[in-house]
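Q: dropping a prediction and its sequence here:
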Amino acid sequence: MTRLVLASTSPRRKRLLEEAGIAFEALAVDVDERPPRGASTPEAAMAIAARKADAAGAPGALVLAADTLVEHGGRILGKPQDELDAHAILRLLSSDTHRVVTGVALRTPAGETRTAYAETRVTFRELTDEEIHAYIATGEPMDKAGAYGIQGKAKAFVASIDGPMDNVVGLPLETVRRMLAESGRG
């Protein structure tokens, strides 16, 4: 069986693959994660995921990569630059619905890169400034797109979810399984 390399050291992505019983090796990659100019959110997420897959090297392996973007009102919300930015992002998401899009790329041993994406709509309840400040003080939002981690303390902010929860965590397993099956490693 062709080995699978995850082009990420994200503990969340690694945990999702482990829980799904998918054998893999993790490899750190460093790429420009800025969305391409003029790209839609799904196009941007898939392009960044493809960059990560291509940067991994790993000849002879299947390389899996992902990138998760949060969009609100047509604007992509990246990882917060600082606590003030995290507060502004969470205030924006309060009492509203936003879209979480994860682009997935799978590079074959032959060097062909296939991409797909999954989308989930998340609605936050109204957040108080006290809740936002307390959440930021945990440090949890600082390395996450949209300034929150749904698998952590921010799950208390969620009023509803429409779509796959694992997508919001950072790796849509149904999409991954389909792509692996299409590559002959189902």
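A: Done, it's in. Numbers count the residues shown, from 1 in each chain.
Q: and G146, how many neighbours?
A: As a burial measure, G146 scores 29 neighbours (other Cβ atoms under 10 Å). Where C-beta positions appear, they are placed from N, C-alpha and C, glycine not excepted.
Q: quick check: closest non-adjacent residue to it.
A: Spatial nearest neighbour of G146, chain neighbours left out: V70 (3.0 Å); criterion: Cβ to Cβ, 6 or more residues apart in numbering.
Q: okay, now the unreliable bits of this protein?
A: Within the chain, the ranges that satisfy pLDDT under 70 run 186.
Q: which parts of it are strands?
A: 4-6, 25-26, 62-72, 75-77, 97-107, 113-124, 158-162 (DSSP state E).
Q: adding distance to G184 and mean neighbour count, write these out as a markdown table.
A: What follows is these, written out as a markdown table (distance: least, Cβ to Cβ, whole Å; neighbours: other Cβ atoms under 10 Å):
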| stretch | distance to G184 | mean neighbour count |
| --- | --- | --- |
| strand 4-6 | 12 | 23 |
| strand 25-26 | 18 | 12 |
| strand 62-72 | 9 | 24 |
| strand 75-77 | 34 | 17 |
| strand 97-107 | 11 | 24 |
| strand 113-124 | 12 | 19 |
| strand 158-162 | 32 | 13 |
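Q: relative to K14, which of these is closest?
A: K14 lies closest, by Cβ to Cβ, to one member of the strands of the chain: strand 25-26, at 5.7 Å.
Q: just checking, what packs against the closest one?
A: If you count contacts as 3 or more Cβ pairs under 8 Å, 6 or more residues apart in numbering; DSSP states H and E, strand 25-26 packs onto strand 4-6.
Q: which residues are in contact with R91?
A: 127, 129, 132 (Cβ atoms under 8 Å, 6 or more residues apart in numbering).
Q: didn't F124 look like it was pressed against S95?
A: Yes. Look at F124 against S95 with Cβ atoms under 8 Å: they come within range, at 6.6 Å.
Q: thinking again about what came up before, which residues touch the residue nearest to G146?
A: 76-78, 98-101, 145-146.
Q: what's the answer for G146, then?
A: 70, 72, 77, 89, 93, 98, 100.
Q: distance of A181 from T175?
A: In this view, A181 and T175 are 11 Å apart by Cβ to Cβ, to the nearest Å.
Q: run through the bridge partners of the most centrally placed residue in the chain.
A: Taking Cα atoms, centre = their mean, the centroid of the chain lies closest to T68, which sits 2.5 Å from it. When assigned by DSSP bridges, T68 has beta-bridge partners T102.
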